[in-house]
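Enquirer: sequence unknown, structure follows:
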Ligand code: BTN
């Protein structure tokens, strides 16, 4: 991937919803921050504009965590200004997850699983994280920046060795899984195509179709999990994710709680119903 091939890709995407304008940086703090700055300043930030970096020096994960972003990964932010209602906005992270998951499957035959709300795993190890930042105007989501961090052509050992690495989950990369490199440009091209077709579903209100696609390959439910919501830690049985993208859990007193945001750790691999 170089600036010429990116220019060619943007040309090829002319007239399409995503990727008609692509900005590639060699090394920046964070594509997410740059995309948000472009929106704030009204510079080159139409719906479907993409910001990509070969390397991020200050990549952002959820909950203000670092996202280590060496050369060889796909670090990309997608600007969306389609004016979604607040109700539909949470679906974006699922839409992005299935777009990336299907791209990986079609290009490599690796079938990822999805972990609520925004992770892609291979054999239980995290390979991709998604970060969605939204800007509201009343009841309308004015702008969305969807950040995709996909570990592609570098060894996971690189992340484990990094001083700023904090282990929240085991991690892997496509190179580690496959033993060879996958062209970043082809991955980007297919993700953009998938985003376009799934976003069409979203715009047509076909939210159930998006959520069904996500649920088809989501981590198994009916098992005990630990959820962190800010400083609170809850032990509960995961029941499933509904069409609003909300995780439903059963608390020890049998009441059902809805989790809208949080961090999920599976504490037990077996379905609860099979536990003694
Ligand atoms: C997570 O915590 O799992 C989300 C990680 C999101 C990382 C991506 S990389 C591209 C974009 N730029 C950033 O600084 N973060 C997102």
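Expert: Alright, I've got the coordinates. Keep in mind that this is a model prediction, so the values were computed, not measured.

Enquirer: can you mark which positions in stretch 20-27 are buried?
Expert: 20-25 (16 or more other C-beta atoms under 10 Å). Every C-beta, even on glycine, is put in place using the N, C-alpha and C of the backbone.

Enquirer: and the ligand, is that stretch touching that?
Expert: No. Judged by C-beta under 6 Å from any ligand atom, stretch 20-27 makes no contact with the ligand; its nearest approach is 11.2 Å.

Enquirer: run the chain-centre distance for that stretch.
Expert: On the basis of C-alpha atoms, centre = their mean, to the nearest Å, stretch 20-27 sits 19 Å off its chain's mean C-alpha point.

Enquirer: contacts for stretch 250-264 next, please.
Expert: Contacts with stretch 250-264, where a contact means C-beta atoms under 8 Å, 6 or more residues apart in numbering, come from 62-63, 90, 115-117, 168, 225-229, 234-239, 246-249.

Enquirer: what sits against the closest residue to the ligand within the stretch 101-250 of the chain?
Expert: Of all residues in the stretch 101-250 of the chain, residue 129 sits closest to the ligand, at 2.2 Å by C-beta to the nearest ligand atom. Neighbour list for residue 129: 61-62, 67, 118-120, 149 [criterion: C-beta under 8 Å, 6+ apart].

Enquirer: filtering the residues you listed by proximity to the ligand, which remain?
Expert: Counting by C-beta under 6 Å from any ligand atom, the subset of those that neighbours the ligand consists of 61-62, 67, 118-119, 149.

Enquirer: could you single out the nearest of the residues you listed to residue 105?
Expert: The shortest approach to residue 105 among these belongs to residue 119, at 16.0 Å (C-beta to C-beta).

Enquirer: which residue, other than its chain neighbours, is closest to the closest one?
Expert: Leaving aside its sequence neighbours, residue 119 sits nearest to residue 126 (C-beta to C-beta, 6 or more residues apart in numbering; 5.4 Å).

Enquirer: rounded mean pLDDT for the helix or strand hosting that neighbour, please.
Expert: According to DSSP states H and E, residue 126 maps onto strand 125-137. Strand 125-137 shows a mean pLDDT of 93.

Enquirer: in the helix or strand following that strand, what counts as buried?
Expert: Note on strand 125-137: by DSSP H and E, the next helix or strand toward the C-terminus is strand 140-150. Under the neighbour-count criterion of 16+ other C-beta under 10 Å, strand 140-150 has 141, 143-150 buried.
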